[in-house]
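Undergrad: How does the following fold in three dimensions:
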Amino acid sequence: MHDIFQTFVEQLSESVDAKGLRDALVVATASLELTSFAYLFPSPRPNRGANLISTYPQSWTSHYLLQRYEGIDPVVLNARSRVNTFRWGPDCGDLQMSNAQRMLFDEASHFGIRCGFTIPIHDHRGLFAALTFASDERRPLLFRIIDRYERALQLMAILFHSHARCTLAEGGVVDGVRLSRREHQCLQWAAQGKSAWDIGRILGISPRTASFHLDNARKKLEVRTIIQAAVRLARSRPSGFR
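TA: Next up, the predicted model:
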C-alpha cells in the first residue's frame, strides 16, 4: 500500500489537467481492484455545472451531467449533509428515495452502477465534493476491499480533492486574458521574483509542473518571456480568483 500511495501522490503532483488527475486515480485504484469510480465536484458558482472525473461509461456521465442529476441524486444529496462515509445499493444503506430518484438508480443500473461506497469531502474553504466507488454486483467484492482499505481511500480522496480543486477551479484575468488558477498562482509568485523551483516548493508541485503553468501563462499573454508575463500581471488590475 505504501508504494501505491507514494506513486499516487507523485502522479497527482505532476497533474496539470483533468486527464492527469483521472490517470493518477485510475492507476492507484486499479492496484486495489477498484476500477469504477466517480469524483464529483459541483461548482460553487450558481448556474454552473459540476466537474466530474470518472471511469463510468461516458454515455452515462454525459447523460447525467446534461440532465443535472447531481441536483436530485440521493448519493450526492446524502454526501452533502454528512461527513462520514456510507454504502448504498439495493441490499444496503439507508437512502430514502423519491420516485424520480428511484428512476435515476434504475437508469444507472443499466450502466453497471448498482451499489457503491461514497466518501463525502468538505474542505476548510466550504467546498463540497464526493468520491464514489461503484460496482454492478448486488453483494460485491467491492465492500470487502473497502473494509480493508477504507482509511487509506479516505486520505486519497482528500488529497485528490485538494489537487482537483486547484486544477479545475477557474483562475484570474490579466489584461482580459483568463488564466487557470494554477497559471495565475504561479505567475503571481514569479512576479515576486520566485523561480520555478521556489514556486514548486510553495505550491507543493514539482518545478517542472510550475514551469509548465508559467509557460502556458506566457503563451496565453502572447509575450516572449516569463518576466514580460509577470510585468503584465503587475500592471493589470487584479481580478482575484473566481
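Undergrad: can we go C-alpha only for contacts and neighbour counts from here?
TA: Fine.
Undergrad: Residue 122: neighbouring residues, count only.
TA: Per other Cα atoms under 10 Å, the neighbour tally for residue 122 reads 18.
Undergrad: From the centre of this protein outward, give me the first residue you hit.
TA: Per Cα atoms, centre = their mean, the C-alpha nearest to the average position across the chain is that of residue 164, at 3.7 Å.
Undergrad: Helix or strand for that one, just tell me which one.
TA: helix 142-168 (DSSP states H and E).
Undergrad: ok, back up a step: these two touch, right, the residue nearest to the centre of the chain and residue 21?
TA: Yes - using Cα atoms under 8 Å, residue 164 makes contact with residue 21 at a distance of 7.1 Å.
Undergrad: And the helix holding residue 164, what's buried?
TA: For helix 142-168, the neighbour count (16 or more other Cα atoms under 10 Å) marks 142-143, 146, 150, 153-154, 156-158, 160-161, 163-168 as buried.
Undergrad: What residue spans form the domains of this structure?
TA: 2-168, 170-235 (automatic domain parsing).
Undergrad: Now tabulate those in JSON lines and tack on mean pLDDT.
TA: Below are the domains of the chain laid out as JSON lines (pLDDT from 0 to 100):
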{"stretch": "domain 2-168", "mean pLDDT": "89"}
{"stretch": "domain 170-235", "mean pLDDT": "88"}
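Undergrad: most neighbours per residue, which of those?
TA: Per-stretch averages of neighbours, counted by mean count of other Cα atoms under 10 Å, single out domain 170-235 among the domains of the chain, with a mean of 18.
Undergrad: roughly how far out does that domain sit from the chain middle?
TA: 22 Å (Cα atoms, centre = their mean, to the nearest Å).
Undergrad: Over to residue 116: give its phi and psi.
TA: Main-chain dihedrals, residue 116, degrees, to the nearest 10: phi -170, psi -180.
Undergrad: nope, residue 175 is what I was after
TA: Per degrees, to the nearest 10, the backbone of residue 175 is at phi 50, psi 40.
Undergrad: Skipping adjacent residues, who's closest to it in space?
TA: Residue nearest to residue 175 in three dimensions, not counting chain neighbours: residue 236, with 5.8 Å by Cα to Cα, 6 or more residues apart in numbering.
Undergrad: and the gap between the one you found and residue 184?
TA: Separation of residue 236 from residue 184 (Cα to Cα, to the nearest Å): 12 Å.
Undergrad: for residue 213, same thing?
TA: Per Cα to Cα, residue 213 is found 8 Å from residue 184.
Undergrad: Ok, residue 30 next?
TA: Taken as Cα to Cα, the span from residue 30 to residue 184 is 33 Å.
Undergrad: Can you tell me the SS state at residue 120?
TA: strand (DSSP: H, G, I helix; E, B strand; the rest coil).
Undergrad: got the contact list for it?
TA: 79-80, 82-85, 128-131 (Cα atoms under 8 Å, 6 or more residues apart in numbering).
Undergrad: quick one, phi/psi of the closest residue in space to residue 161 that isn't next to it in sequence?
TA: The spatially closest residue to residue 161, leaving aside those adjacent along the chain, is residue 129, at 7.3 Å (Cα to Cα, 6+ apart). Note on residue 129: its backbone torsions stand at phi -150, psi 170 [degrees, to the nearest 10].
Undergrad: how much space between residue 129 and residue 193?
TA: With Cα to Cα as the criterion, residue 129 and residue 193 are 35 Å apart.
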